[in-house]
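Participant: any chance you could fold what I've pasted below:
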Amino acid sequence: MQTKVVKLGNRLAIRIPLSVVAEVGLKAQDDLEIEVEAGCVVLKPHVRHNYRLNDLVKRINRYNVQHEVLSNTPIGREIW
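Facilitator: Down below sits the predicted model:
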């Protein structure tokens, strides 16, 4: 499949064929990762993770739990 590089203002742009858009599930304003591999331009959809608190809490175990840090003296302007 081929497409052309076109000038869009001061930038270059490409048109992505509708068949590719449908196959990958792209929408207008989606973010893409741009990489150069062996002299080729590679576009990949940027995946954003939607984290939920319950899922994150389930991943806490004894190896990655953060313990409390107790300070018996004020640091800064705290009122004790």
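Participant: which residue ranges of this structure form strands?
Facilitator: Under the criterion DSSP state E, strands of the chain are mapped to 5-8, 11-14, 32-37, 40-45.
Participant: how much space between the residue most central in space within the chain and residue 22?
Facilitator: With distances taken as Cα atoms, centre = their mean, the chain has residue 48 as the residue nearest its mean C-alpha position (4.5 Å). Between residue 48 and residue 22 the distance, using Cβ to Cβ, to the nearest Å, works out to 21 Å. In short, each C-beta sits where N, CA and C put it, glycine included.
Participant: in the protein, where is pLDDT below threshold?
Facilitator: Screening the chain residue by residue with the criterion pLDDT under 70, one finds the ranges 80.
Participant: ok, 90 please
Facilitator: Counting by pLDDT under 90, the chain contains low-confidence residues at 1-2, 24-25, 45-51, 62, 65-80.
Participant: quick one, helices of it?
Facilitator: Remark: helices assigned in the chain by DSSP state H are 18-24, 53-58.
Participant: roughly how far out does the first one sit from the chain middle?
Facilitator: If you compare the mean C-alpha spot of helix 18-24 with that of the full chain, they lie 21 Å apart, counting by Cα atoms, centre = their mean, to the nearest Å.
Participant: and the shortest one, by the same measure?
Facilitator: Between the mean C-alpha location of helix 53-58 and the chain-wide mean there is a distance of 19 Å, by Cα atoms, centre = their mean.
Participant: ok, now which ones touch residue 17?
Facilitator: Counting by Cβ atoms under 8 Å, 6 or more residues apart in numbering, residue 17 touches 1, 3.
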